[in-house]
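J.: Generate a structure from the sequence data that follows.
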Amino acid sequence: MSLKQRTIRGLSWAFIDRFANQISQFIFGIILARLLSPSEYGLIGMLAIFFEIADTFVVAGFSEALIRKKEPTAADYSTVFLVNVFTGIFFYGLLYVSAPGISWFFNEPQLIPIIAVMGTVIIINAFGMVARVPLTKNLDFKSLATISVISNILSGTVAIVLAFKGYGVWSLVWRNITQSLLTTVLVFIFTKPRWGLHFSTESFREIFAFGSKLLASRLFLESYNNIYYIIIGKFFSARDLGLYTRANGYKDMFSRTLHNVIQSVSFPALAEIKDDDARLKNAYRRLVQTTTYLTATLMFGLSATADHFILGLIGPKWAEAIPYLRLLSIAGIFYPLHYINLNILVIKGHSGAHFRLEVLTKLIALPAIAIGLLWGIKAMIVCLIFTWILDYLVTASSSGRLIAYPLREQIADILPSIVFAVSLGFFLFIVGNALPFPPLFALLIQGILGFAFVLLVSNQFRIKPFLEIKEIVLQKFLKKSTNVN
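T.: Numbers count the residues shown, from 1 in each chain. Coordinates of the predicted model:
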């Protein structure tokens, strides 16, 4: 099977994985949001930065190093596995002893037992990280999809049962633990690892030389991404943080999920052709165009329907999250673009430049944090939109120089999709304001009309990414029809 065929197959299963998981998480999220309060979501949000940083240390860029290496040895896998596990245990202990201080900082005594119990997720995840690498490296996203769907559905069911029984925030805690445990167990069942428990100093040095630079970059990134949770949790309230967390979660459901799908497939696929610049540029150019089309369409659609989305699905007690969702959706357009540009630096072996760019682009966001403290959460999100645009321009310019794909070409490639998405947003916003129906019914109508708008206008104006997606879908449909006949 060719690289293109394996990539398309991988993308198909990755989309099935994300789609099925997002549907299940979406449904479970709606039920839980109706059963729980914004304040209970806010308590979990306060801990986000601590768990993300711990997970970043555990991963340490080693998975990417194994994926990037053409033929990793059993010693490579074993070494990374041992490092991950011991790092996970260390950071759980660190969080455990830090729990009273974290609780004091946020003035939330409930955080102490939550940290003690939910912190076990760090250790559980550490056991399963390396076992995922062979599946990702071989583009076996069918197995990964099966693992994710099973763990999400079962953990969501556990959370709903606990929420109905009145466990409050603990239903969210046990959802995280159950999901991590099931995922790790299933990964081992599918992978059947046989690399043993041998630590190789040589393997560690080689992998750490690459992974450490990604580690530094990601530590900076996760600190930046989650600093807003600390600011809102400290200087506002658990309720405000809960509202922001829910809005940001819905934004991520589309933006980050799409990014994760594309990242999981494109990184190993592009890594295979990293030495062929002409082929790499062509593949990467199509990736940028398709990513922009999908992300911008989803994000402008979500922004335009935010009022009916929130009120219709999770109820009026979350109404204050509507302006947050409108604004965060716009910022979410540039998240995938920023990181797929950074991928080129990693693929070409410039992980040091990757780190320097991450530092530069995140320093640009410091004014947004200051504005949030002075003028509130909405003003902070508006500034975030501009900082993400700047981040994208900087990374696109830097990565483009490596493969002769200058910024002006990339902007010319993405502009048609941006214009199309803006027109979709205006259309849905006008339709939404004109509909005299209850929020849920109005959202359904907006969804149907929006889908029709996307199909008709994209086809009429021959938008390139749409035509390529259409061709892939038709080919798969015709292939299945031929097999049936």
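J.: ranges for the strands of the stretch 151-300 of the chain?
T.: For the stretch 151-300 of the chain, strands defined by DSSP state E, counting those that start in this stretch do not occur.
J.: Any regions of it where pLDDT drops low?
T.: Residues of the stretch 151-300 of the chain that meet the criterion pLDDT under 70 lie in 213, 217.
J.: and residue 436, how many neighbours?
T.: Applying other Cβ atoms under 10 Å, we find 6 residues neighbouring residue 436. From N, CA and C alone the C-beta is placed, and that goes for glycine too.
J.: dump the residue contacts of it.
T.: Residues counted as contacts of residue 436 (Cβ atoms under 8 Å, 6 or more residues apart in numbering): none.
J.: Now do the SS call for it.
T.: Following DSSP: H, G, I helix; E, B strand; the rest coil, we place residue 436 in the coil state.
J.: Can you tell me the element the residue nearest to residue 238 when sequence neighbours are not counted falls in?
T.: Here the nearest residue to residue 238 in space, its sequence neighbours aside, is residue 42; by Cβ to Cβ, 6 or more residues apart in numbering that works out to 3.5 Å. Taking DSSP states H and E as the definition, one finds residue 42 inside helix 38-46.
J.: hmm, who's touching that helix?
T.: For helix 38-46, the surrounding residues in contact (Cβ under 8 Å, 6+ apart) are 33, 102, 106, 108, 110-111, 114, 168-169, 172-173, 229-230, 232-233, 237-246, 317-318, 321.
J.: and the spatially most central residue of the chain, how far is that from residue 377?
T.: For the chain, the residue nearest the mean C-alpha position is residue 256 (3.0 Å; Cα atoms, centre = their mean). Using Cβ to Cβ, to the nearest Å, we find residue 256 at a distance of 20 Å from residue 377.
J.: Also residue 418?
T.: Counting by Cβ to Cβ, the gap from residue 418 to residue 377 is 26 Å.
J.: Please say which of these two ends up with more neighbours.
T.: Remark: of residue 418 and residue 377, residue 377 carries more neighbours, 22 against 17, as counted by other Cβ under 10 Å.
J.: list the contacts for the residue nearest to the centre of the chain?
T.: Going by Cβ under 8 Å, 6+ apart, residue 256 touches 332, 335, 336.
J.: Including secondary structure, could these go into a markdown table?
T.: Putting these into a markdown table (three-state DSSP) gives the following:
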| residue | secondary structure |
| --- | --- |
| 332 | coil |
| 335 | helix |
| 336 | helix |
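J.: Is it correct that residue 281 is in contact with residue 405?
T.: Yes - at 5.3 Å, residue 281 counts as touching residue 405 under the criterion of Cβ atoms under 8 Å.
J.: Looking at those two, which has the bigger crowd around it?
T.: The neighbour count for residue 281 versus residue 405, taken as other Cβ under 10 Å, is higher for residue 405 (22 against 18).
J.: quick one: secondary structure of that one?
T.: Following three-state DSSP, the label given to residue 405 is coil.
J.: just the one 10 residues further on next, same as before
T.: When states are read from three-state DSSP, the local structure at residue 415 comes out as helix.
J.: ok so, going back, out of the contacts of residue 256, which comes closest to residue 311?
T.: Closest approach to residue 311 among the contacts of residue 256 (Cβ to Cβ): residue 332, at 20.5 Å.
J.: Would you check how far apart the closest one and residue 300 are?
T.: 10 Å.
J.: mind listing what residue 350 touches?
T.: Counting by Cβ under 8 Å, 6+ apart, the residues that residue 350 touches are residue 402.
J.: Check the spacing between it and residue 210 real quick.
T.: Look at residue 350 and residue 210: by Cβ to Cβ, they are 11 Å apart.
J.: Same question for residue 92.
T.: Between residue 92 and residue 210 the distance is 26 Å, computed by Cβ to Cβ.
J.: I figured residue 382 hits residue 327, correct?
T.: Yes - look at residue 382 against residue 327 with Cβ under 8 Å: they come within range, at 6.2 Å.
J.: who has more neighbours, these two?
T.: Neighbour count, other Cβ under 10 Å: between residue 382 and residue 327, residue 327 has more, with 22 against 16.
J.: Could you tell me which residues make contact with the more buried one?
T.: Contact partners of residue 327, counting by Cβ under 8 Å, 6+ apart, are 303, 378, 381, 382, 384, 385.
J.: repeat for residue 336
T.: Neighbour list for residue 336: 255, 256, 258, 259, 262, 291, 295 [criterion: Cβ under 8 Å, 6+ apart].
J.: Try it again at 10 Å.
T.: The neighbourhood of residue 336, defined by Cβ atoms under 10 Å, 6 or more residues apart in numbering, consists of 255-263, 287-288, 291-292, 294-296, 299, 392.
J.: ok, for it, nearest residue in space, not its chain neighbours?
T.: Excluding the flanking residues, the one nearest residue 336 by Cβ to Cβ, 6+ apart is residue 259, at 3.8 Å.
J.: Next up, the contacts around that neighbour.
T.: By Cβ under 10 Å, 6+ apart, residue 259 lies in contact with 252, 291, 295, 332, 335, 336, 337, 338, 339, 340.
J.: where's it relative to residue 456, distance?
T.: In terms of Cβ to Cβ, residue 259 sits 27 Å off from residue 456.
J.: Residue 31 too?
T.: In terms of Cβ to Cβ, residue 31 sits 34 Å off from residue 456.
J.: Those two: who's more crowded?
T.: Legend: neighbour count by other Cβ under 10 Å for residue 31 and residue 456, higher for residue 31 (16 against 10).
J.: quick one: average pLDDT of whichever strand or helix holds residue 471?
T.: Assigning secondary structure by DSSP H and E places residue 471 in helix 464-484. The average pLDDT for helix 464-484 rounds to 70.
J.: can you check stretch 341-358 too?
T.: Averaged across stretch 341-358, pLDDT comes to 76.
J.: Could you pull out the buried residues of it?
T.: Within stretch 341-358, the residues scored as buried using 16 or more other Cβ atoms under 10 Å are 341-348, 350-351, 353-355, 357-358.
J.: What is the nearest of the residues you listed to residue 63?
T.: Lowest distance from residue 63 to those (Cβ to Cβ) belongs to residue 346, with 11.9 Å.
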